[in-house]
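> one predicted model, sequence on top.
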Amino acid sequence: MDKLPVLKKNREFQRIYNKGKFAASALLVVYVLPNGLPVTRLGITASRKVGKAVKRNRMRRLIRENARILYNRLEKGFDVVIVARKTEKIVNLDIVGRELRYLLRKLELLKDKDNRENDV
């Protein structure tokens, strides 16, 4: 299992927030900006508004696992930041995955495959 290429520096996140396109749902906000590289890099954040450390870490793990599953279907050459939103709903891997696929498709980053699952 390979590691995903990730964004780590604050200035990279700020550049994407300020110059990129975004799409939002109840659980997530996805920001996208072309990076001119042959690879798509990911960044995942969850502020204290999401909850205490346990809840924030769980959200990040769920987002990271869904991103890992979808990574090969993403268009190359973009920086993507996924922000977890505050929610009262109990979330699981399927719910986060459905919302992430919906937002990536809305931003035209997800290559559809023929046997697509039912999404939002």
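Arrived safely. Remember, predicted model here, so these are calculated numbers, not experimental data.

> show me what contacts the residue nearest to the spatial centre of the chain?
Closest residue to the average C-alpha location of the chain: I82 at 3.5 Å, with CA atoms, centre = their mean. By CB atoms under 8 Å, 6 or more residues apart in numbering, I82 lies in contact with 28-31, 42-45, 63, 67, 100. Yep, even glycine has a C-beta here, placed from its N, CA and C like the rest.

> which stretches of the chain form helices?
Using DSSP state H, the helices assigned to the chain run over residues 10-19, 53-70, 93-106.

> can I get those helices in a markdown table with distance to T87 and mean neighbour count?
As requested, the helices of the chain are exported to a markdown table (distance: least, CB to CB, whole Å; neighbours: other CB atoms under 10 Å):
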| stretch | distance to T87 | mean neighbour count |
| --- | --- | --- |
| helix 10-19 | 21 | 14 |
| helix 53-70 | 9 | 16 |
| helix 93-106 | 10 | 19 |
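
> of these, which approaches G36 most closely?
Taking CB to CB, helix 10-19 is the member of the helices of the chain nearest to G36, at 12.5 Å.

> for the closest one, what is the distance to the chain centroid?
Counting by CA atoms, centre = their mean, to the nearest Å, helix 10-19 is centred 15 Å from the centre of its parent chain.

> tell me the mean pLDDT over it?
In this model, helix 10-19 has a mean pLDDT of 96.

> so what pairs up with the residue nearest to the centre of the chain in the strands?
Following DSSP bridges, I82 is listed with bridge partners V30, I44.
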